[in-house]
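*Asks:* following is a predicted model, sequence given first.
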Amino acid sequence: MKTIVFIGTNKSGSSRDAIKAAEELGYFTVLFTDRENFFRQRDEFPDVHLMIYLKNLSYNEELIREIERLSELGKSIKGCISYIDPFVYVAARLSEYLGLVHLSTKALYRMEDKTRTRDHLSTHPSTPSYTILPFEAPLTFCIEKIKDQLPLVLKIPVSNGSKDVILVKSIEEFTNGFLSLRRKYPTSSILVEEFLNGTQYIIEIVVCNGKIEFAGVIEQKIDHKYRFIVTGYEYPAVLTEEAYTNLINSVTSILKCMEFTDGSCHLEMRFVNGVWKLIEINPRISGGAMNEIIMESTGINLAKEILKLTLGLKSFQTINEQKYVYAHYLTVNSTGRLLKITGKNRASAISGVRKVYVKPRKGTILTIPMSMGDRYAYVLAAADTPEEAKRIAMKAAKEIKFYLVPL
């Protein structure tokens with residue numbers, strides 16, 4: 001039986017879209033997960049034909065043994081893939097071990113750690129000023145090292161989804177942020193970067209045999225109130241011809257330096273004083289609604305196309321935008337237990353709205369946004385102009401109300 005192995009998934013978003021795509025293509029789908037709650041909600045994963053729980057999903061003997069057991073049970077493994085940090089590199093190594101399609105494993109390894117990325121691209125013009133603070137470095141030493149460089153951004157090298165990314169504008173804020181990360185990650189280094197003030201964009205990339213395809217350029221709307229939380233996505237981004245040409249050249253140069261010749265990734269970049277600067281690069285398609293945003297605009301299921309690339313079925317087709325799409329995410333301003341959510345049907349009924357997604361269940365504890373995981377709903381709208389798509393999405397989002405019981 002033709003089988004695809006997935007290492008990790010989220011309940012919704014691009015990673016789940018890929019599993020559904022595999023089922024649509026006629027494959028037996030196997031999911032390795034380290035999330036016990038997925039087994040309690042097993043009936044919510046009808047597209048997963050076999051779910052296997054492992055506490056540790058790193059590349060280890062137990063994982064390899066379970067993979068080999070699938071073959072012994074008659075499963076003909078055609079692909080091993082992950083759309084989730086930090087398992088992309090693990091899946092690529094498993095693919096190599098099984099003699100399947102070879103991805104740019106070394107580049108994926110570099111991308112999964114922000115300090116590896118920065119050090120590898122240290123001389124590239126897209127790299128901002130940065131410092132790596134070792135885990136054993138005392139606070140006084142670190143303050144002395146950065147005191148003349150504020151404002152700065154603090155990051156944990158393996159964080160994702162804007163978790164543990166802190167903007168600091170003063171020594172006091174640096175001290176608080178530094179100590180907070182130290183308590184949470186006592187053995188991790190801390191990456192300190194200059195704060196780049198400019199519009200931020202996501203660039204979705206697919207590379208096949210060294211040929212780079214730009215699957216989409218998306219403008220992000222970021223809320224800095226608590227952390228770097230993206231609340232809006234505009235696709236396709238509106239750029240001048242010169243800015244777009246410079247972006248293509250910069251991204252192409254970055255991928256060449258990373259020795260990335262096969263696979264998918266997305267870059268987050270800011271246009272600062274006429275120069276494209278790299279915020280980060282991740283070895284996968286963006287999560288959340290990204291796959292739906294691109295599909296609504298172009299009709300192309302990017303998660304599915306990436307899956308085909310991993311299976312060696314075809315090279316990627318160039319995307320031609322069809323319409324403008326805007327996705328607006330909703331957060332809450334206080335912490336509490338969810339009593340109810342209203343307005344979903346009213347929002348869905350507004351002309352131009354393509355999807356309204358609400359994540360939490362009744363009784364869930366909601367918090368102010370400290371990471372992308374603290375976004376609790378989104379509205380996706382499409383129109384003939386970017387302004388109209390955004391207007392529709394924002395109008396629909398106002399219909400959705402969260403009712404919380406304070407803790």
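*Replies:* Happy to help now that I have it.

*Asks:* what mean pLDDT does whichever helix in the chain runs longest get?
*Replies:* Determined from DSSP state H, the single longest helix within the chain is helix 241-257. Taken as a whole, helix 241-257 carries a mean pLDDT of 97.

*Asks:* how about stretch 265-275?
*Replies:* Averaged across stretch 265-275, the pLDDT comes to 94.

*Asks:* next secondary structure after the longest helix of the chain?
*Replies:* For helix 241-257, the following helix or strand on the C-terminal side (DSSP states H and E) is strand 263-272.

*Asks:* run me through the strand neighbours of that next one, direction for each.
*Replies:* Under the criterion DSSP bridges, strand 263-272 sits next to strand 200-208 (antiparallel), strand 275-282 (antiparallel) in its sheet.

*Asks:* just tell me which of the ones you listed ends up closest to Ala91.
*Replies:* The closest of the strands paired with strand 263-272 to Ala91 is strand 275-282. By CB to CB, the value is 14.2 Å. C-beta coordinates here come from the backbone N, C-alpha and C atoms, glycine included.

*Asks:* tell me what whichever strand or helix holds Tyr233 is packed against?
*Replies:* Taking DSSP H and E as the definition, one finds Tyr233 inside strand 229-235. In terms of contacts (3 or more CB pairs under 8 Å, 6 or more residues apart in numbering; DSSP states H and E), strand 229-235 is packed against strand 211-223, helix 290-298, strand 324-330, helix 386-397.

*Asks:* ok so, going back, and of the strands paired with strand 263-272, who's closest to Lys114?
*Replies:* The closest of the strands paired with strand 263-272 to Lys114 is strand 275-282. By CB to CB, the value is 6.0 Å.

*Asks:* pull out the buried residues from the closest one.
*Replies:* Across strand 275-282, burial judged by 16 or more other CB atoms under 10 Å covers 276-282.

*Asks:* now the residues you listed in TSV, with distance to Val48?
*Replies:* Shown next, in TSV, are those (distance: CB to CB, whole Å):
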residue	distance to Val48
Trp276	39
Lys277	39
Leu278	35
Ile279	33
Glu280	30
Ile281	29
Asn282	24
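
*Asks:* re the thing from before, of the helices and strands packed on strand 229-235, which stretch is the most buried?
*Replies:* Counting by mean count of other CB atoms under 10 Å, strand 324-330 has the highest mean neighbour count of the helices and strands packed on strand 229-235, with a mean of 25.

*Asks:* the helix or strand following it pairs with which strands, and in what direction?
*Replies:* Next in sequence after strand 324-330, counting helices and strands by DSSP H and E, comes strand 336-342. Taking DSSP bridges as the criterion, strand 336-342 forms sheet pairs with strand 365-366 (antiparallel), strand 401-406 (antiparallel).

*Asks:* quick one: which of those strands is nearest Glu296?
*Replies:* strand 401-406 (24.9 Å).

*Asks:* before we move on, back to that, now the strand holding Tyr233: how far from the chain's centre is it?
*Replies:* From the chain centre to the centre of strand 229-235 is a distance of 12 Å (CA atoms, centre = their mean, to the nearest Å).
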